[in-house]
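J.: can't give you the sequence, but here's the structure:
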């Protein structure tokens, strides 16, 4: 059944909701009317991952609003927050919200994240956060090279997924101090990062200067860390003759603890692991995300038939064991546990996610 918008109201009716003693503020493109009864936030429709309505539950406000607004958004005793969207024909009531977090500085107020008390309907969401037409998307032909030439596959993926950036980066010239030459896969990654600096801006980036360390399998070279050092990945160092030009990768959990440190061997060698790691970090860094609740694994068949599987072993097999699937502008991670599955999506354009509504999944998060 098609959803319809609530009845639109006038500006006078919107402002009257704030009550007496009205004071006006701007917070980026949003208008804030603070009165005795409520704090009224008037939003301008748009699709901006930094400001405005983000999905059916979340709103971001961003701009220099002044310290007076702190008491309106940063206090548990603040007046109720009412939200409206200014459309061409009138003002659309969006409901009430509460503040999840805000600026921490006491002398300023420049951002806040709100959550609706009741999620928006799809019709209201489309009206206040219209989905823009999807432009050109990076192709996924690089998947053809994963098995025979994973370095080429990584280069093709990164050059297509991440925009060109003229900012310089110190990078790595293929050596590690007095420790000799890096294996070609790692040297190629750092050369690629000079063309796409986003690779060194990940939440858990590959280290620009790998670090020698020791471990139960022998001396090693740590090239990536995760979760503030809770886990790291390394290669044998010096390189062992039996590993050839594409060494084995060791995953070490809790490397700072002698008592709990545990090291396992990755199924993929370094060249394929770097592609897998880059796909994982690219998902985290993507502007739009979606995540399902647990669902029957068999129900994924219609979805997976539209995606290309990336022929790599699961990422972090002792935990999510995520396998990657791709489509133009979309990365999908699928974790299957027995007959259940969880699916996460990352997209470059919101409209790419919107098409997923046809699958009728139960969404834990949906930016589309």
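T.: Yep, it's here. Predicted model, so just to flag it, every value in this text is computed and none were measured.

J.: state the phi and psi torsions of residue 241.
T.: Per-residue torsions, residue 241: phi -60, psi -40 (degrees, to the nearest 10).

J.: okay, now residue 336: neighbour count?
T.: For residue 336, the count of nearby residues is 16 (other CB atoms under 10 Å). (C-beta placed from N, C-alpha, C; glycine too.)

J.: now it, nearest residue through space, not along the chain?
T.: Nearest in space to residue 336, with sequence neighbours left out and distances taken as CB to CB, 6 or more residues apart in numbering, is residue 297 at 5.0 Å.

J.: correct me, but the one you found touches residue 340?
T.: Yes. At 6.2 Å, residue 297 counts as touching residue 340 under the criterion of CB atoms under 8 Å.

J.: neighbour-wise, which of those two wins?
T.: Neighbours were tallied for residue 297 and for residue 340 using other CB under 10 Å; the higher tally belongs to residue 297 (17 against 12).

J.: which ones are touching that one?
T.: Residues near residue 297 by CB atoms under 8 Å, 6 or more residues apart in numbering: 336, 338, 339, 340, 341.

J.: quick one: it from residue 304, how far?
T.: Using CB to CB, to the nearest Å, residue 297 is found at 10 Å from residue 304.

J.: repeat that for residue 290.
T.: 15 Å.

J.: follow-up on the earlier one: per-residue pLDDT, the residue nearest to residue 336?
T.: Here the pLDDT value assigned to residue 297 is 94.

J.: what pLDDT is listed against the closest residue to residue 90 other than its chain neighbours?
T.: Nearest non-adjacent residue to residue 90, counting by CB to CB, 6+ apart: residue 8, 3.3 Å away. Residue 8 is assigned a predicted lDDT (pLDDT) of 94.

J.: count the residues that sit near residue 8.
T.: 17.

J.: swap in residue 256?
T.: Other residues within reach of residue 256 by the criterion other CB under 10 Å amount to 10.

J.: kindly report the same for residue 318.
T.: Residues lying near residue 318 (other CB under 10 Å) number 10.

J.: residue closest to the middle of the chain?
T.: residue 284 (3.5 Å; CA atoms, centre = their mean).

J.: that one in helix, strand or coil?
T.: The three-state assignment at residue 284 reads helix, by DSSP: H, G, I helix; E, B strand; the rest coil.

J.: mind listing what it touches?
T.: Counted by CB under 8 Å, 6+ apart, residue 284 has contacts 202, 203, 346.

J.: wait, the residue nearest to residue 90 sits on residue 91?
T.: Yes. Assessed by CB under 8 Å, residue 8 is found in contact with residue 91 at 6.1 Å.

J.: next, the buried residues of the helix or strand encompassing residue 93.
T.: For residue 93, the enclosing helix or strand under DSSP states H and E is strand 90-102. Of all the residues in strand 90-102, those buried under the rule 16 or more other CB atoms under 10 Å are 91, 92, 93, 94, 97, 99, 102.

J.: check what pLDDT the fifth one gets.
T.: Model confidence at residue 97, expressed as pLDDT, equals 94.

J.: quickly list what the closest residue to it other than its chain neighbours is bridged to.
T.: Excluding the flanking residues, the one nearest residue 97 by CB to CB, 6+ apart is residue 114, at 4.2 Å. Taking DSSP bridges as the rule, residue 114 bridges to residue 59, residue 99.

J.: can you tell me how far residue 114 is from residue 192?
T.: From residue 114 to residue 192 the distance is 39 Å (CB to CB).

J.: of these two, which one has the most company?
T.: residue 114 (23 against 20).

J.: residue contacts, residue 143?
T.: Residue 143 touches 153, 308, 309, 310, 311, 326, counting by CB under 8 Å, 6+ apart.

J.: list the contacts of the fourth one.
T.: Under the criterion of CB under 8 Å, 6+ apart, the contact partners of residue 310 comprise 143, 146, 275, 276, 279, 323, 324, 325, 326.

J.: now it: how far from residue 280?
T.: 11 Å.

J.: now the nearest residue to residue 366 once chain neighbours are set aside: which helix or strand?
T.: Excluding its sequence neighbours, the residue lying closest to residue 366 (CB to CB, 6+ apart) is residue 290, at 4.7 Å. Assigned by DSSP H and E, residue 290 falls within strand 288-292.

J.: now do residue 320
T.: Here residue 320 is assigned to no helix or strand, by DSSP H and E.

J.: same question, the one 3 residues further on
T.: Element membership for residue 323, per DSSP H and E: strand 323-327.

J.: thought residue 65 was touching residue 27?
T.: Yes. Using CB under 8 Å, residue 65 is in contact with residue 27, at 4.2 Å.

J.: overlap in contacts, the two.
T.: By CB under 8 Å, 6+ apart, no residue touches both residue 65 and residue 27.

J.: which residues does the least confident helix or strand in the chain by mean pLDDT contact?
T.: Every helix and strand of the chain was ranked by mean pLDDT, DSSP states H and E. The lowest is helix 70-73, at a mean of 82. By CB under 8 Å, 6+ apart, the residues outside helix 70-73 that reach it are 32, 34, 39, 61, 78-79, 81, 99, 102-103, 106, 109, 112, 114.

J.: in that helix, what counts as buried?
T.: Buried, per 16+ other CB under 10 Å, within helix 70-73: 70, 72, 73.

J.: then stretch 155-169?
T.: 155, 156, 157, 158, 160, 161, 162, 169.
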